[in-house]
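# Here is a sequence together with a model predicted from it:
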Amino acid sequence: MNLPEMSIPAVLLYSLTAAAVSIYLPFGVVAYARAQGGMEYLKTPRAMLDKLPDYAKRATWAHQNSFEAFSLYTAAALMAYVSGVSSSWAIGAAIAFPIARAFYSVFYILDIPIGRSLMFGIGSASSLTLIILSLRAVSQVTL
């Protein structure tokens, strides 16, 4: 199977889109658990967090952590986009981040700490890679 070739800027933008979507994947689990609780969960969803099943609490925490990770990744991906990074490392980091974050949520919800930690590390390394590549790209520009 041959994958279509995409420019690095396109990969970065699609990666940002996928990462944004992955933020809301764990929330589906939370919504399911809340629906099982009836109208009380709908009236005061934040106050009811302690009454959710453990898997739904973990899904809530995964959802919240996804926002935190996404903010750093967004800055890193946009830095790479603006600085014109052209590297296979950038493509790898851009592809790895949303995949790692999706698995992060799955491992968090299923209570697999080692998997969750590994995916957190891969996601963080992806952001750091893009930041370093961006800084290297702009440091090579001569005025």
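Sure, I can see it. Numbers count the residues shown, from 1 in each chain.
# Compute the distance between residue 8 and residue 95, please.
Distance, residue 8 to residue 95, by C-beta to C-beta, to the nearest Å: 11 Å. Every residue, glycine included, has its C-beta placed from N, CA and C.
# Next one: residue 111 relative to residue 62, how far apart?
From residue 111 to residue 62 the distance is 11 Å (C-beta to C-beta).
# out of those two, which sits in the more crowded spot?
Here residue 111 and residue 62 are set side by side on neighbour count (other C-beta atoms under 10 Å), and the busier one is residue 62, at 24 against 11.
# can you list the residues that contact stretch 18-37?
Stretch 18-37 is touched from outside by 41-42, 45, 48, 51-53, 55-56, 59-60, 62-63, 66-67, 70, 73-74, 77, 97-98, 101-102, 105, 108-109, with contacts defined as C-beta atoms under 8 Å, 6 or more residues apart in numbering.
# end to end, how far does it reach?
Stretch 18-37 has an end-to-end distance of 30 Å (C-alpha to C-alpha, to the nearest Å).
# buried set for it?
Neighbour counts over stretch 18-37 (16 or more other C-beta atoms under 10 Å) mark 18-19, 22-23, 25-27, 29-30, 33-34 as buried.
# Tell me where this structure has helices.
Read by DSSP state H, the chain holds these helices, from start to end of the chain: 8-23, 25-36, 39-43, 54-83, 88-109, 113-139.
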